[in-house]
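In: could you work out the structure for the sequence below:
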Amino acid sequence: MKKSIITIERQYGSGGSIIGKLAAEKLGVNFYNRQILEMAAERCGIAPEYLESAEENVPTSFLYSLLLSANPAHTMEDNLPLSDKVFLMESRIITEISEREPSFVLAGRCGSYILEEKGCFSVFICAPTDYRVKRAVNEYGIPQNKAESILKKSDKRRETFYNVNTGRSWQDKDQYALCLNSAELGDELCAELIVRAFKEYNQRFAE
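Out: Numbering: from 1, shown residues only. So this is what the prediction gives:
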């Protein structure tokens, strides 16, 4: 199947979002990451920061779910934990974008799963812990003494959000078309390799 959309899953501090944006610029298409969260927040009428805290924290408390399910005025979807609602809302937004844009690059948010039937070219960006810690400190402004802890917690949240919502393993490299080590290759080369692989794959398909 021809793949018109690039999806990127990435470890925290690997530069996956920057690489995705570079790849999108090289292809002349839109790049989506946090914009999906902001669109979902706008539809819900709440602050993006609130949704962000729920987005990768799965599951919500049992008490919260119990209180919701006890209210007969709520629909089945209303009774879902907030993290599940966020996933459903973001899935709809991503699907809508795919229906109006023939090609784009998407970072995170289970894109490879949501867009699988659309024929997405899935990428995983990783890097050694020491490289990601250094990047978190120098580029993200994370305190040195907290960087490794934040890195581990962020990766765990991303992994849990992906695994729970897709039934797959976030770290299973077999499900991705391309896996790149940004510490070894650098952002620019990673982006170039993604674009080159994406184009050559589609060229072979066209032949």
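In: contacts made by stretch 185-204 with the rest, please.
Out: For stretch 185-204, the surrounding residues in contact (C-beta atoms under 8 Å, 6 or more residues apart in numbering) are 2-4, 6, 8, 15, 18-20, 22-23, 26-27, 121, 123, 125, 177-178, 180, 182. Using the backbone N, CA and C atoms, a C-beta is placed for each residue, glycine as well.
In: one more pass at 10 Å, please.
Out: 1-6, 8, 14-16, 18-27, 103, 105, 119, 121, 123, 125, 127, 177-178, 180-182, 184 (C-beta atoms under 10 Å, 6 or more residues apart in numbering).
In: of the residues you listed, select the buried ones using a ChimeraX command.
Out: Only the buried entries of the contacts of stretch 185-204 go into this ChimeraX selection, using 16 or more other C-beta atoms under 10 Å:
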select :3,4,5,6,8,14,15,16,18,19,20,21,22,23,24,26,27,105,121,123,125,127,177,178,180,182
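In: residue 134 - how many residues pack around it?
Out: 16 (other C-beta atoms under 10 Å).
In: what distance do you get for it to residue 25?
Out: 25 Å (C-beta to C-beta, to the nearest Å).
In: what ranges does the chain have for its helices?
Out: For the chain, the helices defined by DSSP state H cover 16-27, 34-44, 48-55, 62-69, 82-100, 111-114, 129-140, 144-166, 182-185, 187-206.
In: okay, the nearest residue to residue 142 once chain neighbours are set aside and residue 12: tell me how far apart.
Out: Spatially, and ignoring its direct neighbours in sequence, residue 142 is nearest to residue 136 (4.3 Å; C-beta to C-beta, 6 or more residues apart in numbering). Applying C-beta to C-beta, the value for residue 136 to residue 12 is 7 Å.
In: residue 179 now?
Out: 16 Å.
In: more neighbours, those two?
Out: Shown here are residue 179 and residue 12; by other C-beta under 10 Å, residue 12 has more neighbours (22 against 13).
In: quick check: pLDDT value at the more buried one.
Out: We have a pLDDT of 96 for residue 12.
In: follow-up on the earlier one: what touches both of residue 136 and residue 12?
Out: Looking at what touches both residue 136 and residue 12 (by C-beta under 10 Å, 6+ apart), the common residues are 142, 147, 150, 151, 154.
In: got any ranges where the chain has weak pLDDT?
Out: Across the chain, the ranges flagged by pLDDT under 70 are 1, 53-84, 206-207.
In: can you pull the contacts of the spatially most central residue of it?
Out: Nearest to the mean C-alpha position of the chain, by C-alpha atoms, centre = their mean, lies residue 108 at 0.5 Å. Residues near residue 108 by C-beta under 10 Å, 6+ apart: 7-10, 16-17, 20, 32-34, 36-37, 55-56, 90, 158, 161-162.
In: repeat that for 8 Å
Out: With C-beta under 8 Å, 6+ apart, residue 108 has these contacts: 8, 9, 10, 16, 17, 33, 158.
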